[in-house]
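S.K.: The following block contains a protein sequence and its predicted model.
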Amino acid sequence: MRDDLSTGAENTWCPGCGNFGILNAVKRAVSSLEERGIARDRLFMTACIGCHAKIFDYLSLSGIYTLHGRSMSVAQGVKLANPDLKVLAFTGDGAGYGEGIAHLLFAAKRNADITVIVHDNGVYALTTGQRSPTSAAGFEGPSTPHGNEEDPFNPLVLMLEAGATFVAREFSARIDELSGIIAAAVEHEGFSLVEVLQPSITFNDTYEEYAAAVDTVDAPAATLADALRLARETERLPSGVLYRVERPSHGARLYGDWNPVASHPNRDDRLERVRTLMNQ
Ligand SMILES: Cc1ncc(C[n+]2csc(CCOP(=O)(O)OP(=O)(O)O)c2C)c(N)n1
Ligand SMILES: [Mg+2]
């Protein structure tokens, strides 16, 4: 799909990868955000390292390609430095729920005003199929040839318990629903987590399983306890926005209305201050 959000970089995702659905959903979300008055130059993205992170190469938005598991921490710094930006942090299950989990938990705890999009394929795909924090028990890969002897994390429960104020789940094949969720997450003022169920066609092909299990909720849960109940379901996979609550964001509590960019003195102001100091 060529459009004005494409970069022209060669796409090296496997044909049929769930990442294509996420890329298209993000593009649609950017268009609908523009229609709702959030200009493209106010959007900023960060990405970790992994197959998921290549979205950085294929999406024509400003951003920083960070280290493995660090897109959430860099995103928080960007948001604090320029509160006018809407910051999207792309991560994977290995990067976000493994290597960078402390950054993810603390971003939720302090209600950092960023949107984290997790491409959860239940595997370390770029490094060719090792077990990740969300791999199912029994999952066979190069690091677990006899089957995964651990149980997976429940990332939605972790995020809700950590204090996330917007928690959503969607299947990468449902592009319309996913784009609506991403746009709503970006508009949310506070920490938003979009867990995307993303089949890795090569290393963990979960298309049929997800297609059969995802089940859209009518509305976000009314209470945290109800949201946790939804997140704990395993037979069906409740999807959509599961929880949304208003709480002052980290930046608002730290800075109030102060904006480091808008209040940054320009060259003339700085010279004037120096002159005043020298005349004292
Ligand atoms: C600090 C660090 N540790 C490990 C790696 C090696 N590494 C690169 S990608 C990756 C796995 C990525 O898995 P995930 O975040 O789930 O992304 P996916 O490829 O599945 O999209 C690993 C372990 C690295 N680049 N940097
Ligand atoms: Mg992965």
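M.R.: Okay, I see it. Ligands and ions are numbered 1, 2, ... in the order given.

S.K.: so residue 160 sits in a strand?
M.R.: No: counting by DSSP: H, G, I helix; E, B strand; the rest coil, residue 160 is not part of a strand but helix.

S.K.: Run through the residues that contact it.
M.R.: 167, 224, 227-228, 231, 243 (Cβ atoms under 8 Å, 6 or more residues apart in numbering). All C-beta spots, glycine's among them, are computed from the backbone N, C-alpha and C.

S.K.: Need the nearest residue in space to the residue of the stretch 151-280 of the chain found nearest ligand 2, chain neighbours excluded.
M.R.: In the stretch 151-280 of the chain, the residue that lies nearest ligand 2 is residue 200 (6.8 Å; Cβ to the ion). Among residues not flanking residue 200 along the chain, residue 121 sits closest, at 4.0 Å (Cβ to Cβ, 6 or more residues apart in numbering).

S.K.: any idea how far residue 93 is from that neighbour?
M.R.: Per Cβ to Cβ, to the nearest Å, residue 121 is found 7 Å from residue 93.

S.K.: can you list residues touching both of these two?
M.R.: In contact with both residue 121 and residue 93: residue 132, using Cβ under 8 Å, 6+ apart.

S.K.: Between those two, tell me which one has more neighbours.
M.R.: residue 121 (31 against 28; other Cβ atoms under 10 Å).

S.K.: which other residues reach the biggest helix by length in the chain?
M.R.: Ranked by residue count under DSSP state H, the longest helix found in the chain is helix 19-35. With Cβ under 8 Å, 6+ apart as the test, helix 19-35 has contacts from 1, 3, 5, 13, 40, 43, 51-52, 54-55, 58-59, 61, 86, 88, 117, 119, 172-176, 178-180, 182-183, 186-187, 196, 198.
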